[in-house]
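In: compute the structure for the input listed below.
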Amino acid sequence: YKPTVKGHAVQIKKVIKEIEKAKRPIICAGGGVHLSNAVPELREFAHKYRIPVVSTMMGIGVMPTQDPMYFGMVGNNGKAYANRAMNESDLLIMVGARVADRAISQPDLIITNKSLVHIDVDPAEIGKNVGPTIPLVGDAKHIFEDMASQEFECEHENWIHTLEEYREIMVQKRNPNPDYVDPAAFITMLSDEMKSDAIYVADVGQNQIWSCNYHVVKDGRFLTSGGMGTMGYSIPAAMGAKRGNMKKQVVAVCGDGSFQMSMMELATIMQHHIPVKIIVLKNNYLGMVREFQHYTYKDRYSVVDIKDGTPNLEKLAAAYDIPFLRVENMSHALEKIKEFLKEDNTMLMECLVDPMDLVK
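Out: As a prediction, this is how the structure comes out:
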């Protein structure tokens with residue numbers, strides 16, 4: 001296997017011409033940008049030419065969450081203003097993204113009334129789900145370096161102002177139950193208290209969508225499992241991240257369903273002294289499936305409840321001599337988060353979430 005690393009010069013010139021004439025360009029970054037270590041190049045390019053950026057789930061962290069040029073995650077569970085930005089663009093530059101159904105529910109819509117540039121190192125991904133106007137095979141890092149070396153100008157401040165208005169007026173509104181932990185507010189609060197270069201690992205389910213939409217990436221990484229939806233991902237992935245760099249702060253966030261897919265790894269954590277922080281958002285349901293049954297089958301639930309809230313996480317933590325914290329509502333959440341993050345040791349935190357809470 002010998003991938004084409006350097007982008008074709010003619011194709012790159014075509015892309016630049018499209019950028020020059022575009023009035024509403026946008027970059028949609030996928031996980032391939034991380035894989036090619038092209039994050040610095042993409043950020044520099046986006047800022048230099050004032051091109052807004054959205055990301056797929058796997059592309060979260062390509063831009064810092066609070067970067068003014070970043071407009072959120074796209075897809076079925078993404079930000080409404082991110083999807084609107086992509087749909088209304090006249091030039092869409094997809095880079096390191098597969099145009100998969102979780103990120104783009106109706107691929108044909110993204111080529112309506114716009115030019116599509118698809119950049120990927122794997123030629124099999126280009127045109128697989130939607131035909132691009134300009135295909136560009138190559139490594140994202142090399143391609144952004146080559147494009148940055150070209151001299152060209154573009155101007156689209158009106159487009160940026162429009163997207164800023166969308167971001168302001170299309171903010172998702174929640175009405176959380178005050179008797180429980182609000183996962184959205186909790187995850188943002190956790191993000192604020194985590195170290196700037198910390199690694200946040202999200203599992204699969206409602207916890208994943210809350211994490212994608214409310215975790216604030218600064219200089220660290222956001223890791224999650226896309227595509228196949230592998231429940232139980234967060235704990236072993238967090239262990240690997242921690243062993244990869246023991247100086248990093250690593251926090252795994254999972255639901256009580258996904259936690260039970262890999263809770264046996266608590267033994268590995270203790271045996272091999274891997275100080276990983278674990279948060280379980282506990283609602284006594286397989287929440288994502290329950291939510292689907294709520295909308296699709298009008299609350300006719302089947303095989304989604306976790307009876308009696310088992311297992312007892314406090315007793316389970318005690319069995320492994322792991323310190324344990326419980327957060328029942330938001331009144332003492334910040335205090336508990338500070339205690340949770342204070343030292344670099346293994347700790348298990350249980351957050352009680354309203355069983356009927358929804359990701360929307």
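In: what about the strands in the chain?
Out: Counting by DSSP state E, the chain forms strands over residues 25-29, 53-55, 70-73, 91-95, 115-120, 134-137, 199-202, 221-223, 250-255, 277-282, 324-327, 347-352, given from the N-terminal end onward.
In: need the contact partners of the fifth one.
Out: It refers to strand 115-120. 7, 15, 18, 22, 32, 90-99, 110, 125-127, 130-138, 140, 143 (C-beta atoms under 8 Å, 6 or more residues apart in numbering). Every residue, glycine included, has its C-beta placed from N, CA and C.
In: also the first one?
Out: Applying C-beta under 8 Å, 6+ apart, the external contacts of strand 25-29 come out as 18-19, 42, 46, 51-56, 59, 62-63, 71, 74, 85-86, 89-97, 154, 156, 159.
In: make a PyMOL selection of the buried ones in the residues you listed.
Out: For the buried members of the contacts of strand 25-29, the matching PyMOL selection, counting by 16 or more other C-beta atoms under 10 Å, is:
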select buried, resi 18+19+42+46+51+52+53+54+55+56+59+62+63+71+74+85+86+89+90+91+92+93+94+95+96+97+154+156+159
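In: quick revisit: could the strands of the chain go into CSV alongside mean pLDDT and distance to Ser211?
Out: Putting the strands of the chain into CSV (pLDDT from 0 to 100; distance: least, C-beta to C-beta, whole Å) gives the following:
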stretch, mean pLDDT, distance to Ser211
strand 25-29, 97, 18
strand 53-55, 97, 14
strand 70-73, 96, 11
strand 91-95, 95, 23
strand 115-120, 94, 26
strand 134-137, 96, 31
strand 199-202, 98, 4
strand 221-223, 97, 8
strand 250-255, 98, 6
strand 277-282, 98, 9
strand 324-327, 98, 16
strand 347-352, 98, 13
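In: looking at the ones you listed, which is closest to Asp179?
Out: For the strands of the chain, distance to Asp179 was read as C-beta to C-beta. The smallest value, 8.8 Å, belongs to strand 347-352.
In: just to revisit the earlier point, any chance of the strands of the chain in a markdown table, plus distance to Val289?
Out: Compiled in a markdown table, the strands of the chain are given as follows (distance: least, C-beta to C-beta, whole Å):
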| stretch | distance to Val289 |
| --- | --- |
| strand 25-29 | 28 |
| strand 53-55 | 26 |
| strand 70-73 | 21 |
| strand 91-95 | 30 |
| strand 115-120 | 32 |
| strand 134-137 | 38 |
| strand 199-202 | 17 |
| strand 221-223 | 23 |
| strand 250-255 | 11 |
| strand 277-282 | 15 |
| strand 324-327 | 24 |
| strand 347-352 | 20 |
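In: and these: which comes nearest Val303?
Out: Comparing the strands of the chain against Val303 with C-beta to C-beta, the closest turns out to be strand 250-255 (15.6 Å).
In: buried members of the contacts of strand 115-120 into ChimeraX, please.
Out: Only the buried members of the contacts of strand 115-120 enter the following ChimeraX selection, criterion being 16+ other C-beta under 10 Å:
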select :7,15,18,22,32,90,91,92,93,94,95,96,97,98,99,110,125,126,130,132,134,135,136,137,138,140,143
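In: number of nearby residues for the closest residue to Gln206 other than its chain neighbours?
Out: When the adjacent residues along the chain are set aside, Gln206 lies closest to Gly287, with 3.9 Å between them (C-beta to C-beta, 6 or more residues apart in numbering). By other C-beta atoms under 10 Å, the residues close to Gly287 number 30.
In: next up, the contacts around Gly287.
Out: Applying C-beta under 8 Å, 6+ apart, one finds that Gly287 lies in contact with 205-207, 255, 257, 353, 355, 357.
In: out of those, which comes closest to Ala184?
Out: Asp357 (9.1 Å).
In: contact partners for Val303?
Out: Contacts here follow C-beta under 8 Å, 6+ apart; on that basis Val303 touches nothing.
In: and if we set it to 10 Å?
Out: For Val303, the contacting residues are 286, 289-290, 293, taking C-beta atoms under 10 Å, 6 or more residues apart in numbering as the criterion.
In: quick one, helices of the stretch 201-350 of the chain?
Out: 206-214, 234-244, 256-259, 265-271, 287-296, 313-319, 333-341 (DSSP state H, counting those that start in this stretch).
In: helices or strands next to the shortest one in the packing?
Out: When contacts are defined as 3 or more C-beta pairs under 10 Å, 6 or more residues apart in numbering; DSSP states H and E, helix 256-259 packs onto helix 206-214, helix 234-244, strand 250-255, strand 277-282, helix 287-296, helix 313-319, strand 347-352.
In: could you dump those to a markdown table with distance to Lys173?
Out: As requested, the helices and strands packed on helix 256-259 are exported to a markdown table (distance: least, C-beta to C-beta, whole Å):
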| stretch | distance to Lys173 |
| --- | --- |
| helix 206-214 | 13 |
| helix 234-244 | 28 |
| strand 250-255 | 23 |
| strand 277-282 | 20 |
| helix 287-296 | 17 |
| helix 313-319 | 31 |
| strand 347-352 | 22 |
